[in-house]
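Asker: Take a look and give me a structure for this.
(one chain, ligands or ions: 1)
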Amino acid sequence: MTFSPQLRIPGPTPLPERVVRAQGRPMIDHRGPQFAALLEEITTGAKRVFETDNDLLVLTSSGSGGLESAIANLVSPGDSVVAALCGNFGERFAGMAAAYGADVVRLEAEWGQPVDPDDLARVLEATPDAKVVLLTHNETSTGLTNDVVRLARVARDADRIVVVDGVSSVSSIRIGVDEAGIDVAVSASQKGWMAPPGIAFVTVSRRAWELQARSTGPKFYWDWQPAKEFAEKGATPFTPAISVLYAVQEGILMLQEEGLERVYQRHRRLADATEAGLEALGFSLYAAPGFRSATVTSALPPDGLDVSAFRKLLERKYGVVIAGGQGKMTGKMIRVGHLGAVSEGDIVQVLWALEQALEELDIAPAEGRALAAATSALARETATATA
Ligand SMILES: Cc1ncc(COP(=O)(O)O)c(C=O)c1O
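Answerer: This is a model prediction of the structure:
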């Protein structure tokens, strides 16, 4: 019996008590002044997180809706689009463009490896007609963070519209939209924002609006024009997920109270501790060194471990819920989410449970190796931070 499940998947993330309470507030008129104030506060707060002066649209949808809105507004049937991908979510993004009638040119890095900016430059040189480039900042399926600043610079230098899937990075890993020259960036409430699923954020640059005005593809719910017009009047074109917005408002307040720089450092520290603990337990880290994500750690199991049985035991006996692999890595990897409201104590608990479960499955004796490795990783970082 466990009383407080440890939800360590890469989203949805556990809700802080404050957020849970916030979302229980009474409904309000979504065309009235209270809603206008709520939307204004969220928009201003989210813009600070994205680090942008561009427009920011708040859509009622999961992250995929935000991404699909980018395709619907920027890609016309028959357009050529470059999709730089290195995992399952990049695949999906490319698939969305294809579904809207684009001729998708794929630049595909091996899973676990980042997209190489030089490869992107070569592909863009060969595709002068492709106006839009799709990038994934944090590829959640492989636990890898691309160098979005370099990739965006390459695409900008080639005069393309840069669209970034930042669903599982923004608010946990710095993005710096304006500095990087990103035209459109998308994130979603159930990740580092510490809120339930249901809200997507989409930033839109002036260049992106110009392309949007010329786009000929079908759009209605996803049309950015009415979203912008309504937002200017403090409303949304359709009924918004008001309860989730209350939660998002509280989540953003919490991010501001902690300070974004500290939030980013906390995620990095916890990722390093998780990586150290998993390696000590005989897992092999999957993502390339130097590109390992601060929000989700992916690892291949030690010999003889049945990932599915392991995950079931963790949940049933220890209340620890971790993710498995996606797409071609289904059943072959584990992914531990450490984004949003997560602390050192959570990671320690998760690693302890993993070690116990490995012993129970006769893979390795529980000797405290994971905790020793994780705590020394944390101590190293504390020493570096205070030096
Ligand atoms: C990188 C990335 N892109 C897109 C998505 C899809 O977002 P959603 O499930 O909110 O539609 C996810 C969800 O995990 C993600 O991690």
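
Asker: and residue 383, that one's in a helix?
Answerer: Yes: Residue 383 forms part of a helix when assessed by DSSP: H, G, I helix; E, B strand; the rest coil.

Asker: So what's the residue count around it?
Answerer: Using other Cβ atoms under 10 Å, residue 383 has 9 neighbouring residues. Using the backbone N, CA and C atoms, a C-beta is placed for each residue, glycine as well.

Asker: For it, give its distance to the ligand.
Answerer: Distance of residue 383 to the ligand, given as Cβ to the nearest ligand atom, to the nearest Å: 32 Å.

Asker: Can you name every helix or strand that the helix or strand that contains residue 156 contacts?
Answerer: For residue 156, the element it lies in under DSSP states H and E is helix 148-157. Judged by 3 or more Cβ pairs under 8 Å, 6 or more residues apart in numbering; DSSP states H and E, the packing partners of helix 148-157 are helix 117-126, strand 132-136, strand 161-165, helix 177-180.

Asker: and the stretch 51-200 of the chain, which of its residues are near the ligand?
Answerer: 62-64, 89, 136, 138, 140, 165, 167-168, 188, 197 (Cβ under 6 Å from any ligand atom).

Asker: Helices - which of these land there?
Answerer: Among those, the members falling in helices (DSSP state H) are 63-64, 89.

Asker: related to what we said a few turns ago, can you check what angle separates the helix holding residue 156 from helix 117-126?
Answerer: 20 degrees (axes from the mean of the first three to the mean of the last three Cα atoms, to 10 degrees).

Asker: Let me see the mean pLDDT of helix 148-157.
Answerer: Here helix 148-157 scores 98 as its mean pLDDT.

Asker: picking up where we left off before, out of the residues of the stretch 51-200 of the chain next to the ligand, who has the most neighbours?
Answerer: Neighbour counts for those, by other Cβ under 10 Å, peak at residue 136, which reaches 34 neighbours.

Asker: Is it correct that that residue is in contact with residue 145?
Answerer: No: using Cβ atoms under 8 Å, residue 136 is not in contact with residue 145, being 9.3 Å away.

Asker: coming back round to it: got a markdown table for the helices and strands packed on helix 148-157, with mean pLDDT and distance to residue 296 too?
Answerer: Output for the helices and strands packed on helix 148-157, formatted as a markdown table (pLDDT from 0 to 100; distance: least, Cβ to Cβ, whole Å):
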| stretch | mean pLDDT | distance to residue 296 |
| --- | --- | --- |
| helix 117-126 | 98 | 23 |
| strand 132-136 | 98 | 13 |
| strand 161-165 | 99 | 14 |
| helix 177-180 | 98 | 21 |
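
Asker: Which element, helix or strand, includes residue 84?
Answerer: Using DSSP H and E, residue 84 sits in strand 80-85.

Asker: May I see the buried residues of the helix holding residue 156?
Answerer: 148-156 (16 or more other Cβ atoms under 10 Å).

Asker: I'd like to know which of those residues is nearest to the ligand.
Answerer: residue 148 (11.9 Å; Cβ to the nearest ligand atom).

Asker: Name the nearest residue to the closest one, ignoring sequence neighbours.
Answerer: Spatially, and ignoring its direct neighbours in sequence, residue 148 is nearest to residue 137 (4.6 Å; Cβ to Cβ, 6 or more residues apart in numbering).

Asker: what's that neighbour in contact with, if anything?
Answerer: Counting by Cβ atoms under 8 Å, 6 or more residues apart in numbering, residue 137 touches 145-146, 148, 164-166, 169-170, 173, 175, 185.

Asker: Test my guess that residue 359 contacts residue 366.
Answerer: Yes: counting by Cβ under 8 Å, residue 359 touches residue 366, with 4.1 Å between them.

Asker: of those two, who's got more company?
Answerer: Taking other Cβ under 10 Å, residue 359 and residue 366 do not tie; residue 366 has more neighbours (15 against 12).

Asker: How many neighbouring residues does residue 114 have?
Answerer: Residue 114 - counted by other Cβ under 10 Å - has 23 other residues nearby.
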